[in-house]
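In: heads up, no residue letters with this:
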């Protein structure tokens, strides 16, 4: 049995009367979340120059197309409205300019020194840094400095198209507007130098910049502070000769700028004593300010940009923390699984191991069945070959396909059919308990087949009177398809290796519905099977732990079950499992503060189940998100190596699990593809379960479609087999 998922996106009627389907909420919300995360990552990558960054630098070119008056003119180049003018600053006026900022460490120190000596300057800021540190841009403007554009991503504009140039200018301007509420008319191209360094590659860009309303500002005095030549050398190179005015190039970002800060603290008072004034550009020229206040829609666009950049950085930081958490959880789980499953295998396989006196008493096998006509004959006949004395109670839960008639027509001894109106799996199991003759009860699904030794192996742990329930080894029978092979890997590694670990820790969360055994007295003490959750197997297992019973794993009690063969069927099954597990955890939450066995399970079992079965799978998509981001935008090599490292750990664990279960390693060939494709489906299913839980949604029961192709290897072959159609799958032998 599996769950019926109530559709959140029902069909609606179009204006023409036709029916059109809405995208189900279970798909819409994860899709919107994914789009939002990708958008935030793209924005973050663009702002941090990881996306669309161009680091090429144009070599020197000829200068024959550059007007002489520009080459021989001043560092202020005005090409607006057809002008071709090069201007300088008056004598004893110094305009300090700082490129590539703002920097969170060095820009505040530069501003402190300027404020200390009552000096103004011009900061040519990049859009990337202004977007990330808007408060520093605001401080610049508030303290009387001017800001200018230095492009967004700092590319050499001579390589760029006009469209890209416009984009660099507009986004740089947007960042400044959002940070300080102003617009600037000053521009300095990246990698610029003196006016006489203008060439045939850069001059057309300068002309075009003028048509966009900007004044290009280069320099005529270069401190070369980026070379870190020492404080004295920076001061010497920044000092003009003969009282001339100058535009001095410095940097407040791009690396360690402590020499620049120290040089400023000496340079400013020294030249002030020589009669120099340190003004911003328009103060030095006696012109109107280059900054104009922005209001209205443009201001809100700028503020929205800063908010989105801040949100992208914040979300990315949270994702990085989440990635660290999931990395820790994944590695911890792998280490625990390897160590504890090895300990479990050594314990139960050592010579002379036993649970106590051999259990030979008869056992009641309960088979809840709802529309299992295709499977029930295989199931019952496999039980008839049991090496342990049993009675079989098939509880027909209101089937409409003749399931009960098929069992009755088989006329097998010790097989009884109990009919009831459809009431769900928990009710069917409780009805079976009421009709069972024996104290030890085995429960299995109607689509599962047992090996002859399964029941015997399953009940031997009851030789220990402390054991209240036993989990068997559920295996995928229809593993000959790709989706079946992926589930086979999941069952062997993710379920059975986990059960060994939880057995050692004495907090196994789930007795699988396909193969589990219970003491009737233990079930009666906890009130029997409950329909409070959709994961009745997890619910009853937790209840037994809280009542003080041991729950153990019997590795040799193998059962072969038919796994879903379509994505929709798999989705339905895992949705119920995930949501039911969350319900069970919530139902038993009081165990966290209980005393005795209940408290031990609450403080050991519940946290482990929550971390490894709910939180870790929910955060696991971050691994793939950052993998994709790293592969596309870099560092590609390190990203791929890291992902392959995680895959290697998983492959090692899977290989060890297959070795413990004596499975063929050939199925692991599909493991890399499983990690890329299958996991994504599980992520969305878990996310949907979270959404359902948080919104108070409810699920109902639904029958998964079965084909009846599973037989136990080496087990009995039914004496009567229905004629297979071409659409049926071949049995797995």
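Out: Done, it's in. Computed from a predicted model, the values in this text were never measured in an experiment. Numbering: from 1, shown residues only.

In: and the closest residue to residue 257 other than its chain neighbours, how many neighbours?
Out: Of all residues beyond its chain neighbours, the one nearest residue 257 is residue 106 (4.0 Å), with distances taken as Cβ to Cβ, 6 or more residues apart in numbering. Bear in mind the C-beta positions are built from the backbone N, C-alpha and C, glycine included. Using other Cβ atoms under 10 Å, residue 106 has 21 neighbouring residues.

In: can you start the count at 656 instead of 1 from here on
Out: All set: I'll call the first residue 656, so the last point we hit is now residue 761.

In: what's the distance between residue 761 and residue 770?
Out: Per Cβ to Cβ, to the nearest Å, residue 761 is found 15 Å from residue 770.

In: and if you look at residue 1201?
Out: Remark: distance between residue 1201 and residue 770 (Cβ to Cβ) = 66 Å.

In: Please say which of the two ends up with more neighbours.
Out: Legend: neighbour count by other Cβ under 10 Å for residue 1201 and residue 770, higher for residue 1201 (21 against 14).

In: Kindly provide the distance from the more buried one to residue 1243.
Out: Per Cβ to Cβ, residue 1201 is found 7 Å from residue 1243.

In: Between the two, which contacts overlap?
Out: With contacts defined as Cβ atoms under 8 Å, 6 or more residues apart in numbering, the residues shared by residue 1201 and residue 1243 are 1256-1257.

In: Name the residue closest to the centre of the protein, please.
Out: The centroid of the chain falls nearest to residue 1277 when counting by Cα atoms, centre = their mean (2.2 Å).

In: Skipping adjacent residues, who's closest to that one in space?
Out: Using Cβ to Cβ, 6+ apart and skipping the chain neighbours, the partner closest in space to residue 1277 is residue 978 (4.6 Å).

In: Show me what the strand or helix carrying the one you found packs onto, helices and strands only.
Out: In the assignment (DSSP states H and E), residue 978 maps to helix 951-1004. Helices and strands touching helix 951-1004, by 3 or more Cβ pairs under 8 Å, 6 or more residues apart in numbering; DSSP states H and E, are helix 680-702, helix 782-787, helix 817-835, helix 1152-1160, strand 1205-1216, helix 1271-1274, helix 1276-1288, helix 1291-1315.

In: got the angle for it vs helix 1276-1288?
Out: Counting by axes from the mean of the first three to the mean of the last three Cα atoms, to 10 degrees, helix 951-1004 points 120 degrees away from the direction of helix 1276-1288.

In: Residue 1010 in helix, strand or coil?
Out: Look at residue 1010: counting by DSSP: H, G, I helix; E, B strand; the rest coil, its state is coil.

In: tell me the contacts of it?
Out: Contact analysis of residue 1010 by Cβ under 8 Å, 6+ apart lists 1115-1119, 1122.

In: any idea how far residue 774 is from the residue nearest to it when sequence neighbours are not counted?
Out: Nearest residue to residue 1010, sequence neighbours excluded (Cβ to Cβ, 6+ apart): residue 1118, at 4.0 Å. Residue 1118 sits 89 Å away from residue 774, going by Cβ to Cβ.

In: the more surrounded of the two?
Out: Neighbour count, other Cβ under 10 Å: between residue 1118 and residue 774, residue 774 has more, with 23 against 13.

In: List the contacts of the spatially closest residue to the more buried one that is not a sequence neighbour.
Out: Counting by Cβ to Cβ, 6+ apart, residue 774 lies nearest to residue 933, which is 3.6 Å off, once chain neighbours are set aside. Counting by Cβ under 8 Å, 6+ apart, residue 933 touches 749-751, 769, 772, 774-776, 923, 926-927.

In: is the spatially closest residue to residue 876 that is not a sequence neighbour in a bridge, and if so with what?
Out: Spatially, and ignoring its direct neighbours in sequence, residue 876 is nearest to residue 901 (4.1 Å; Cβ to Cβ, 6+ apart). Residue 901 has these beta-bridge partners by DSSP bridges: residue 749.

In: mind checking how far residue 901 is from residue 874?
Out: Noted for residue 901: a distance of 8 Å to residue 874, by Cβ to Cβ.

In: between those two, which one's more packed in?
Out: Neighbour totals were compared for residue 901 and residue 874, and residue 901 leads with 24 against 21 (other Cβ under 10 Å).

In: And the more buried one, how far from residue 785?
Out: Separation of residue 901 from residue 785 (Cβ to Cβ): 26 Å.

In: With residue 923 instead?
Out: 25 Å.

In: show me where the stretch 806-955 of the chain has helices.
Out: 817-835, 858-866, 886-893, 913-928, 936-940, 951-1004 (DSSP state H, counting those that start in this stretch).

In: Among the ones you listed, which comes closest to residue 841?
Out: When these are compared by Cβ to Cβ, helix 936-940 sits nearest residue 841, at 6.6 Å.

In: any idea how far that closest one is from the chain center?
Out: Its chain's C-alpha centre and that of helix 936-940 lie 52 Å apart, by Cα atoms, centre = their mean, to the nearest Å.

In: just to revisit the earlier point, the residue nearest to residue 1277 reaches residue 1284, doesn't it?
Out: No. Counting by Cβ atoms under 8 Å, residue 978 sits too far from residue 1284 to count as a contact (10.9 Å).

In: Between those two, which is the more surrounded one?
Out: In this view residue 978 and residue 1284 are compared by other Cβ under 10 Å, and residue 1284 has more residues nearby, 21 against 16.

In: OK, contacts around that one?
Out: Residues in contact with residue 1284 (Cβ under 8 Å, 6+ apart) are 696, 700, 1294.

In: let's go with 7 Å and repeat that
Out: Contact analysis of residue 1284 by Cβ atoms under 7 Å, 6 or more residues apart in numbering lists residue 696.

In: Same question for residue 939.
Out: Residue 939 makes contacts with 744-745, 748, 750, as judged by Cβ under 7 Å, 6+ apart.

In: What distance do you get for residue 874 to residue 898?
Out: Residue 874 sits 18 Å away from residue 898, going by Cβ to Cβ.

In: Please read the previous query as pertaining to residue 1329.
Out: From residue 1329 to residue 898 the distance is 76 Å (Cβ to Cβ).

In: again, but for residue 1048
Out: From residue 1048 over to residue 898 (counting by Cβ to Cβ), the distance is 108 Å.

In: neighbour-wise, which of those two wins?
Out: residue 1048 (23 against 11).

In: Got phi/psi on that one?
Out: Per-residue torsions, residue 1048: phi -120, psi 110 (degrees, to the nearest 10).

In: Kindly report the same for residue 1054.
Out: According to degrees, to the nearest 10, residue 1054 has phi -60, psi 150.
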